[in-house]
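Peer 1: next input, structure requested:
(one chain, ligands or ions: 1)
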Amino acid sequence: MGVTADPNDPRLKRGPDPADSAYREQNDTYLVLSEDERAKGFVRPLRLSYWHEKCGKITTMGRAIAETYARDPHFYGGTYCAHCGHHRPVGENGEFYWCDPDNPERQAPAQQSKVGT
Ligand SMILES: [Zn+2]
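Peer 2: Prediction:
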């Protein structure tokens, strides 16, 4: 899995997968904010993993994607569940919650906000 800071990169794919579609591998390339933009500072804690409310399983991100969420929480409209093999919505009405930032393996639903908020 690679990342690019170029929104016109032809390898990028966009949009969610239907919830009833077959498992598919993650995309080859994901869009991230540039290193310069990420270096301006985070407005949320740096969190490396989230869990999917539909399956309860945890997915861990690459660092550049995690930093992009921390810099701009609303940057992404969806994210990938490694268990379901789907890209699904994030945000207030999304399907994902952050894991405990101090322990990426721990789900703490009562204490953690939704991904993309
Ligand atoms: Zn899932």
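
Peer 1: going forward, measure contacts between C-alpha atoms and count neighbours the same way
Peer 2: Fine.

Peer 1: how long is stretch 70-84 end to end?
Peer 2: The first residue of stretch 70-84 is 24 Å away from its last residue (CA to CA, to the nearest Å).

Peer 1: that stretch near the ion at all?
Peer 2: Yes. Judged by CA under 5 Å from the ion, stretch 70-84 comes into contact with the ion through 81, 84.

Peer 1: tell me which residues in that stretch are buried?
Peer 2: Neighbour-count burial for stretch 70-84, with 16 or more other CA atoms under 10 Å as criterion, is recorded at 70-73, 75-82, 84.

Peer 1: same thing with stretch 104-117?
Peer 2: Neighbour counts over stretch 104-117 (16+ other CA under 10 Å) mark 104, 105, 107, 113, 114, 115, 116, 117 as buried.

Peer 1: circling back to that earlier point, ok, the buried residues of stretch 70-84 vs residue 50, which is closest?
Peer 2: The shortest gap between residue 50 and any of the buried residues of stretch 70-84 belongs to residue 81, at 8.9 Å (CA to CA).

Peer 1: which strand residues bridge that closest one?
Peer 2: When bridges are assigned using DSSP bridges, the partners listed for residue 81 are residue 86.

Peer 1: and it, what does it touch?
Peer 2: With contacts defined as CA atoms under 8 Å, 6 or more residues apart in numbering, residue 81 is in contact with 51, 52, 57, 58, 59, 87, 88.

Peer 1: so which of the residues you listed wins on neighbours?
Peer 2: residue 51 (27 neighbours; other CA atoms under 10 Å).

Peer 1: that residue sits in which helix or strand?
Peer 2: Secondary structure assignment for residue 51, by DSSP states H and E: strand 49-52.

Peer 1: understood, closing this out.
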